[in-house]
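1. test case, fold it:
(2 chains)
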Protein chains: 2
Amino acid sequence: MENFTYDLIIARYGEIGIKSPKVRKKFENKLVQNIKSSLNADIYIEDGRIFIYPKNFKKALKSLKRIFGIVSFSPAIKTSAEFNEIKNKLVDYVRRLGINKKMSFAIRPRRVGNHEFTSQDLAEFAGDVVVKETGAKVDLDNPDIEIFIEVRHENSYIYHEIVEGPGGLPVGTQGKVIGLLSGGIDSPVALYLMMKRGCSVTALHFDIRPFTIDGNIKKVKKISEVLESYSSGEFELLILKYGDVLKKIKKIAGKSTCIVCRHLMYKIAEKIAKKKNAHAIVDGSSLGQVASQTLPNILTTHYGIEIPILSPLIGMDKTEIRKIAEKIGTYEISCESPDICKAVPKHPVTYSTPKKLTSILDRMDVDEILKKY
Amino acid sequence: MENFTYDLIIARYGEIGIKSPKVRKKFENKLVQNIKSSLNADIYIEDGRIFIYPKNFKKALKSLKRIFGIVSFSPAIKTSAEFNEIKNKLVDYVRRLGINKKMSFAIRPRRVGNHEFTSQDLAEFAGDVVVKETGAKVDLDNPDIEIFIEVRHENSYIYHEIVEGPGGLPVGTQGKVIGLLSGGIDSPVALYLMMKRGCSVTALHFDIRPFTIDGNIKKVKKISEVLESYSSGEFELLILKYGDVLKKIKKIAGKSTCIVCRHLMYKIAEKIAKKKNAHAIVDGSSLGQVASQTLPNILTTHYGIEIPILSPLIGMDKTEIRKIAEKIGTYEISCESPDICKAVPKHPVTYSTPKKLTSILDRMDVDEILKKY
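-> The predicted structure follows:
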């Protein structure tokens, strides 16, 4: 990698390809816009591929791993569709790759446009060039290295690496959600998954100090930076003071503190969703993970919230969630300090009801609380 | 495997272990009950392990792969904690395993209870036995085969295989959900994941004939059989006639047919949830997978539904969903015939609103429709 000078990066996108022409166009444009917001480059779309000419190659390769919608990409060199020029570039390419007579290789040809040769002709020609230059053996089934040569109209592209991208849909194509973000392991994963499905995110962090440690805010900001790095600029963090509200809740709700606390967070999120023109709330709930994440409690906390509450982790095991957190880079940050809430009662209720919730809310001035947000 | 006679199967469970003693006891009991409902066996729980003595060994090994809550299991032989008896059984075991002098092995000892020897003593003794019997070499880092010897109080267990279980929580520990089940790829995966998180499921299939092919019902029944095989008896399928309702919807709703159709399915599911004492609806929605699965459409179809609608696939890509479907055995069945709905308008709306939904519902007798379910 280090010894190479490439001309461009060819990126492939997946699901967008199966959309209707109109939706596809919209998605492609958003994807190009998102790439441009992450890296300085000239970008063209042609025949379902994105051709990226970055100013800073190393940075570009790193950035592309975090742009949703990209399924894979390949750093490549470019030349014309003339066999002679392909030969010159190819000789140079395999030399720099260090292919030698102890190795096996395969040419993987691809052709788009009208040419006087077939893909098979191209593969045979290129194969001969590589054999003569390096002494390596052709092995189409199980080669040590694959060399891809794509002839597209008057241009050719040579590459050997296919790097996996993050997949999903371009951030921003699916509108906005309000995400609840704590300092824990789960909620960052939930927001990541919804960004991966194309949502831009306004993350709300409820600052519950003095019921947690001061360091929590710093942790949340660090997590947000990671999430932002996947967002192509479509992520924002709002930190909302909630300690005084939680104090009131704890006093009145007792064993139901967590239920009322969660419900009011949804209420506030719903209000902010209206302001921000967001269509859903996203949270990191996973059924049965802790004693209080029961179906009756979920039903109760959702009660009366009029926009959807999406919980992409609801069907996942803790180990599955942790694996994603590790992959995206939030796990270690979440583990830097424990996720403490000192307002949690010793025996939180596991079976609450909307009736019970309403009776507690009746003893609080909810409108007054909501006014502050 | 085939040449072996085992005495029992030792099964391990995961997440249950971290619950409070009370919750843990409840979960363990449910897990034992679920195992008993799937196979004929004597079952004991001790020190966080389940000891299963099945009547039919082969069937038991197959069944355990489908019982949620089990993390892994090992067919084992049993003897006393006397070194001499361990020796006799171990000699027999390694002979039947076909261990020979070209192979390497490691003894993995474990000891629970009070004994006059340490785990290390046990490993050294057993290692000598195997070396003398087979001529195989000890290799603790990278052995060809591992032999586990667990001494628990007055008993010993010898095994060499650790088979992966499905993980999750015992079905039924998290209460009931109403699942929407079509003949497609997604909804069976959604219901599977919620069963894996401990939910028992009442699946609703809306029979939309004449808007789909006759074969669809048969397909749904086959899918249900697969899902039921994971459910420890906590799964039921209800097939509801919906063709006439859809006819009415199509006439009145036009481009919004899918929105109104979905919303009424939720309405019916909510009614059935009350009857069945279920606390949530589960569906296979995945954001942006088709043009109509947009956030505004999700918001609109959820409008006025008072119990949570859980969509465990909401943050997944199609390829991820397909992988799970293949693993659990529903993918091939779903693909037997295409998932057709002839009522889908040519250009379904992608941006609906509760206001628009309400104005359409006002022109229908929704109460009359709901009465039938």
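
2. okay, helices next: where are they in the stretch 101-250 of chain A?
-> Taking DSSP state H, counting those that start in this stretch to define them, one finds helices in the stretch 101-250 of chain A at A:119-134, A:186-196, A:215-228, A:243-253.

3. what's the helix or strand that the last one is followed by packed up against?
-> I take that to be helix A:243-253. Counting by DSSP states H and E, the next helix or strand C-terminal to helix A:243-253 is helix A:257-276. Using 3 or more CB pairs under 8 Å, 6 or more residues apart in numbering or on different chains; DSSP states H and E as the contact test, the elements touching helix A:257-276 are strand A:176-180, strand A:200-207, helix A:243-253, strand A:281-282, helix A:295-302, helix A:354-361, helix A:366-371. The C-beta positions use only the backbone N, C-alpha and C, and glycine is treated the same way.

4. if we use 6 Å, what do you get?
-> Applying 3 or more CB pairs under 6 Å, 6 or more residues apart in numbering or on different chains; DSSP states H and E, one finds that helix A:257-276 contacts strand A:176-180, strand A:200-207, helix A:243-253, helix A:295-302.

5. ok, which of the ones you listed comes nearest residue A:341?
-> Ranking these by proximity to residue A:341 (CB to CB) places helix A:243-253 first, at 8.3 Å.

6. partner residues bridging residue A:206?
-> Applying DSSP bridges to residue A:206 gives these bridge partners: residue A:240.

7. report how many residues lie close to it.
-> Residue A:206: 23 surrounding residues under other CB atoms under 10 Å in any protein chain shown.

8. let's have the helices and strands packed on helix A:257-276 in JSON lines, adding mean pLDDT.
-> What follows is the helices and strands packed on helix A:257-276, written out as JSON lines (pLDDT from 0 to 100):
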{"stretch": "strand A:176-180", "mean pLDDT": "98"}
{"stretch": "strand A:200-207", "mean pLDDT": "98"}
{"stretch": "helix A:243-253", "mean pLDDT": "97"}
{"stretch": "helix A:295-302", "mean pLDDT": "97"}
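
9. got those as CSV, with distance to residue B:321 columns?
-> Shown next, in CSV, are the helices and strands packed on helix A:257-276 (distance: least, CB to CB, whole Å):
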stretch, distance to residue B:321
strand A:176-180, 20
strand A:200-207, 22
helix A:243-253, 38
helix A:295-302, 23
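
10. what residues does the stretch 51-200 of chain A have near chain B?
-> A:167, A:168, A:169, A:174, A:175, A:193, A:194, A:197, A:198 (CB under 6 Å from any CB of the partner chain).

11. between those, which is nearest residue B:104?
-> Using CB to CB, those come closest to residue B:104 at residue A:167, 41.0 Å.

12. for chain B, what are the nearby residues on the stretch 201-350 of chain A?
-> A:279-280, A:287-288, A:291, A:295-296, A:298-299, A:302, A:307-308, A:310, A:312, A:314-315, A:317.

13. how about 7 Å then?
-> A:279-280, A:287-288, A:291, A:294-296, A:298-299, A:302, A:307-308, A:310-312, A:314-315, A:317-318 (CB under 7 Å from any CB of the partner chain).

14. out of the helices of the stretch 101-250 of chain A, indicate the one that is most buried.
-> helix A:186-196 (a mean of 27; mean count of other CB atoms under 10 Å in any protein chain shown).

15. what mean pLDDT does it get?
-> Helix A:186-196 comes out with an average pLDDT of 98.

16. what of stretch A:347-355?
-> Mean predicted lDDT for stretch A:347-355 stands at 92.

17. nearest to chain B: which residue in the stretch 151-300 of chain A?
-> Nearest residue of the stretch 151-300 of chain A to chain B: residue A:193, at 3.1 Å (CB to the nearest CB).

18. what's the burial count for the nearest residue to that residue once chain neighbours are set aside?
-> Leaving aside its sequence neighbours, residue A:193 sits nearest to residue B:315 (CB to CB, 6 or more residues apart in numbering or on different chains; 3.1 Å). Residues near residue B:315, counting by other CB under 10 Å, number 28.

19. try residue A:84
-> 9.

20. before we move on, back to that, so can I have a markdown table of the residues of the stretch 51-200 of chain A next to chain B showing distance to residue A:57?
-> Below are those laid out as a markdown table (distance: CB to CB, whole Å):
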| residue | distance to residue A:57 |
| --- | --- |
| A:167 | 23 |
| A:168 | 24 |
| A:169 | 26 |
| A:174 | 31 |
| A:175 | 33 |
| A:193 | 30 |
| A:194 | 31 |
| A:197 | 29 |
| A:198 | 27 |
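
21. and these, which two are the farthest apart?
-> A:167 and A:175 (19.4 Å).

22. pLDDT on stretch A:225-240, on average?
-> 96.

23. who's the nearest residue to residue A:140 once chain neighbours are set aside bridged to?
-> Spatial nearest neighbour of residue A:140, chain neighbours left out: residue A:106 (4.9 Å); criterion: CB to CB, 6+ apart. When bridges are called by DSSP bridges, residue A:106 pairs up with residue A:146.

24. can I assume residue A:106 is in contact with residue A:142?
-> No - using CB atoms under 7 Å, residue A:106 makes no contact with residue A:142, being 8.8 Å away.

25. which one's more surrounded, the two?
-> residue A:106 (18 against 7).
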